[in-house]
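K.L.:
One predicted model, sequence on top.
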Amino acid sequence: MESDGKHDPEAVKERRRSKRIVRRRAEILDAAKTIFLAGDYASVTIDDIADVAGISRATIYLYFKSKQEVYEELLFRDLDEMITVLTTSFDRNDSVRNNLFRMATGYMNFFRVHPEYFTTLSFFFMPGRKETLPAEAAAKISSRLNDGILAIEEAIKLGIARGEARPIDARAATLSLWGQWMGNAYLAVAGRTSFYERTIEQVYADGIDIFLDGLTMRNPT
């Protein structure tokens, strides 16, 4: 009788090995983030990361080629978390209004947990913002960002197809909304929303309502 793979010793061994690799990479990235947030990127060394992670320098090189690769993978890991929230918030069976509210809430909550992406880290620039990310890393991040943008666009397109929204340029509407969310997130991280006597939840909710008032179909009077 052939093994089903689930209990095959070699398959079990490989699964365990894969889990160890994932866990070790996550530990290294967590340690690196602590260092990158605490000091200047240029002064951070692989030895610093190894010390915080409690492993040897050689061990880090088993998983990453360089400090820059560690940093880029850290960005992509956190970005992937945000985009996954956006894409999983999209429900084809729900209304455009509810879909966009869920997506906006997920986006807002990400930056509440990760304000460092408006202060120290960036999905577009190296720390210090003196230079952009290398082309290959920037392309990888842009591609993943586009997955989130496409999910928003799909929600709007679906709303148009169902007659919930006016027949407008869905891409233009999406990019406008994306920019609004980014600006709101920055206001929240900077603590500026209190100046306008609004919580960040109110700012996002009001923004979605105003956006949808212009997007959704109106009953003829």
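P.N.:
Nice, I can see it.
K.L.:
How far off centre is the helix or strand hosting Ile208?
P.N.:
Element membership of Ile208 [criterion: DSSP states H and E] is helix 200-215. Distance of helix 200-215 from the chain centroid (C-alpha atoms, centre = their mean, to the nearest Å) equals 21 Å.
K.L.:
Can you report phi and psi for Ala165?
P.N.:
Ala165 has phi and psi values of phi -130, psi 160 when expressed as degrees, to the nearest 10.
K.L.:
my guess is it meets Arg97, correct?
P.N.:
No: look at Ala165 against Arg97 with C-beta atoms under 8 Å: they stay out of range, at 9.1 Å. (Glycine included, C-beta is placed from N, CA and C.)
K.L.:
If you count surrounding residues, which of the two has more?
P.N.:
A count of neighbours by other C-beta atoms under 10 Å puts Ala165 above the other of Ala165 and Arg97, at 23 against 18.
K.L.:
pLDDT score assigned to Val12?
P.N.:
At Val12, the predicted lDDT confidence score is 63.
K.L.:
Make 39 the starting number, not 1.
P.N.:
From this message on, residue numbering opens at 39, which makes the last subject Val50.
K.L.:
quick one: contacts of stretch 171-190?
P.N.:
106, 110, 113-114, 117-118, 120-121, 124-125, 127-128, 138, 141, 161-164, 170, 212-213, 215-216 (C-beta atoms under 8 Å, 6 or more residues apart in numbering).
K.L.:
rerun that using 7 Å as the cut-off
P.N.:
Under the criterion C-beta atoms under 7 Å, 6 or more residues apart in numbering, residues 110, 113-114, 117-118, 121, 124-125, 128, 141, 161-164, 170, 212, 215-216 lie in contact with stretch 171-190.
K.L.:
any idea how far Ile84 is from Leu213?
P.N.:
Applying C-beta to C-beta, to the nearest Å, the value for Leu213 to Ile84 is 39 Å.
K.L.:
The two: who's more crowded?
P.N.:
Neighbours were counted for Leu213 and for Ile84 using other C-beta under 10 Å; Ile84 has more, 17 against 14.
K.L.:
thinking again about what came up before, pLDDT of the helix holding Ile246, averaged?
P.N.:
The average of the pLDDT scores along helix 238-253 is 78.
K.L.:
ok, now stretch 143-163?
P.N.:
The pLDDT scores in stretch 143-163 average 85.
K.L.:
List the buried residues for it?
P.N.:
Judged by neighbour count (16 or more other C-beta atoms under 10 Å), stretch 143-163 contains these buried residues: 143-146, 148-149, 152-153, 155-156, 158-161.
K.L.:
low-confidence ranges in this structure?
P.N.:
Segments of the chain classed as low confidence (criterion: pLDDT under 70) are 39-44, 49-51, 163-169, 230-234, 253-259.
K.L.:
Show me the domain layout of it.
P.N.:
Each domain of the chain is listed here as a residue range: 39-102, 104-253, per automatic domain parsing.
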